[in-house]
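Student: coordinates for the following, if possible.
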Amino acid sequence: MAEPAAADPITPPPGQGTLRRLAWLHFWNDFTLDFVSPLLPTQIPLAALGAMEGAADAAGQGLRLVTGRASDRDGRRARWVRAGYGVNAVARPLLAVGMLLSWPWWIAACRITDRLGKGVRGPATDALVADWAEGTRRVAAYAAMRTADHLGATLGALAAAAVAWWDPGLLPWAVAALVLPMLVQFAILPGVRDAPRAPASAGGTPAVWWPKDARTRRAIILLGLSAVGARLSPLLVLVGVTRDWPLWQQCLGWAALGLAQTITAAVAGALGVRIGARATLVIGWIAGALLWSGLAIFGGGAAGAGLALGWAVLAGCTEGMEKAWLAELAPASERGAAFGAFAIATALGTVVGSAGIGWLLEPTRQGSLAFLIAAAVLALCVALMPVLGRARASTATA
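Tutor: Purely as a prediction, here's the structure:
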């Protein structure tokens, strides 16, 4: 009997091209996003900024359930990825029109359209990564996406800081120049492909709106709860910490947050490959609980810098591992719906956490209480994780 052919060590793993293209899309998308994000508080009054961000998030999150379900139904995820990234790429340079003509309503419309693009692509992108990668390669892929995100964000904010330092009057034209990375993204998008095994619902059965798998549902609830303590609105962090800084320094501070997330995402990815996404996520929650507790006790004048550091470290350590863990739990035919539900749950948790912590951090209120609540929420999530682990084992055995 003939010996089986040895695997070709030179041949790249299946889907490597699509995963690499997705990483570059993450990079360029966050480069343009974080070029414009630090500029928004200078273009729109704070009250209107909050309303705009709320409307943008609501519109984008609602779409995630629809597009996640649609990508599960026929297994065609790449078209949603292309459409969403295309909308993002076009919306960012168009912000320049509102900046040049002093039209806050135009800027708000572009921001909402931008979030709609994210809603279109989000669940399909996350599910496509899971379709193309398995095991530790999947954990590494999610970590690589987050690292590319944060690296792009860092460089985008640094570019904005350089322009704002050189001549703030050039900023609208610099935003218009984001048409160049837009063209780069359009060149990358056609090469994004669906995995051959990308699941479609068997027999034409309609895909679910909410995951049927009990383990997946419990994980989503836990991740939504953790968002109360682990996630804050990045613009809340920016305004809260750098409100009195010159614009170029605000952009530089934004870049520093991106760099911290880049480093922690890369470290979390390496750790996740060694010990698993779930264990790495728990370590991130423990670190967050300790950090928030320290701020509650020793915050003082360093509370603002600690808030920013805590947000960056938690985002870098947990976001990629959340998705990798959820991809491990969700059945292949429900991945799009699972990531859509995950986005809704974490968005609700973020709103609760950002609103509560932002209110308590006002100078006349109890900032230390805000940090203690965030720490308690993360400690509760750590305590609940073993319960989910036992439930998963018993289900598997059954």
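Student: when you work out contacts or count neighbours from here on, use the C-alpha atoms and nothing else.
Tutor: Fine.
Student: from Ala337, how far off is Ile220?
Tutor: 11 Å (Cα to Cα, to the nearest Å).
Student: the more surrounded of these two?
Tutor: Relative neighbour count places Ala337 above the other of Ile220 and Ala337, with 30 against 23, counting by other Cα atoms under 10 Å.
Student: what's the pLDDT at the residue nearest the centre of the chain?
Tutor: With distances taken as Cα atoms, centre = their mean, Glu319 lies nearest the centre of the chain, 6.4 Å away. At Glu319, the model reports a pLDDT of 83.
Student: from now on call the first residue 746
Tutor: Okay, residue one is now 746; in that scheme the one you just asked about reads as Glu1064.
Student: my read: it touches Arg891, true?
Tutor: Yes - assessed by Cα atoms under 8 Å, Glu1064 is found in contact with Arg891 at 7.4 Å.
Student: ranges for the helices of the stretch 896-1045 of the chain?
Tutor: Remark: helices assigned in the stretch 896-1045 of the chain by DSSP state H, counting those that start in this stretch are 916-921, 924-933, 959-975, 979-987, 992-1020, 1022-1043.
Student: how far does the fifth one sit from its chain's centre?
Tutor: Once both centres are worked out by Cα atoms, centre = their mean, to the nearest Å, helix 992-1020 turns out to sit 13 Å from its chain's centre.
Student: now that helix: buried residues?
Tutor: For helix 992-1020, burial by neighbour count (16 or more other Cα atoms under 10 Å) applies to 992-1011, 1013-1018.
Student: next, the angle from that helix to helix 1022-1043.
Tutor: If you take axes from the mean of the first three to the mean of the last three Cα atoms, to 10 degrees, helix 992-1020 sits at 140 degrees to helix 1022-1043.
Student: kindly report the same for the second one.
Tutor: Using the same axes, to 10 degrees, the direction of helix 924-933 lies 160 degrees away from that of helix 1022-1043.
Student: so which bits of helix 924-933 are buried?
Tutor: So helix 924-933, judged by 16+ other Cα under 10 Å, has buried residues Val924, Pro926, Met927, Gln930, Phe931, Ile933.
Student: same question for the shortest one.
Tutor: Along helix 916-921, the positions that meet the burial threshold by neighbour count (16+ other Cα under 10 Å) are Leu916, Pro917, Ala919, Val920, Ala921.
Student: if I look at Ala1015, how far off is Thr892?
Tutor: Ala1015 is 11 Å from Thr892, by Cα to Cα.
Student: my bad, Ala834
Tutor: Relative to Thr892, and taking Cα to Cα, Ala834 is found at 20 Å.
Student: Thr858 now?
Tutor: Taken as Cα to Cα, the span from Thr858 to Thr892 is 25 Å.
Student: so the two - more neighbours on which side?
Tutor: Thr892 (28 against 20).
Student: for that one, helix, strand, or coil?
Tutor: helix (DSSP: H, G, I helix; E, B strand; the rest coil).
Student: using JSON lines, lay out the helices of the stretch 896-1045 of the chain together with mean pLDDT and distance to Leu1114.
Tutor: Compiled in JSON lines, the helices of the stretch 896-1045 of the chain are given as follows (pLDDT from 0 to 100; distance: least, Cα to Cα, whole Å):
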{"stretch": "helix 916-921", "mean pLDDT": "94", "distance to Leu1114": "39"}
{"stretch": "helix 924-933", "mean pLDDT": "96", "distance to Leu1114": "43"}
{"stretch": "helix 959-975", "mean pLDDT": "88", "distance to Leu1114": "12"}
{"stretch": "helix 979-987", "mean pLDDT": "58", "distance to Leu1114": "17"}
{"stretch": "helix 992-1020", "mean pLDDT": "84", "distance to Leu1114": "24"}
{"stretch": "helix 1022-1043", "mean pLDDT": "84", "distance to Leu1114": "7"}
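Student: nearest to Ala909, of the ones you listed?
Tutor: Nearest of those to Ala909, taken as Cα to Cα: helix 992-1020 at 4.9 Å.
Student: output the contacting helices and strands for that closest one.
Tutor: For helix 992-1020, the contact count by 3 or more Cα pairs under 8 Å, 6 or more residues apart in numbering; DSSP states H and E identifies helix 880-911, helix 979-987, helix 1022-1043, helix 1048-1074 as packing neighbours.
Student: and it with helix 1048-1074, angle?
Tutor: Angle of helix 992-1020 versus helix 1048-1074, following the same axes, to 10 degrees, is 40 degrees.
Student: angle of helix 992-1020 against helix 880-911?
Tutor: On the basis of the same axes, to 10 degrees, helix 992-1020 is oriented at 170 degrees to helix 880-911.
Student: ok, now which ones touch Ile933?
Tutor: Contacts were defined as Cα atoms under 8 Å, 6 or more residues apart in numbering; by that measure Ile933 touches Arg766, Trp769, Leu770.
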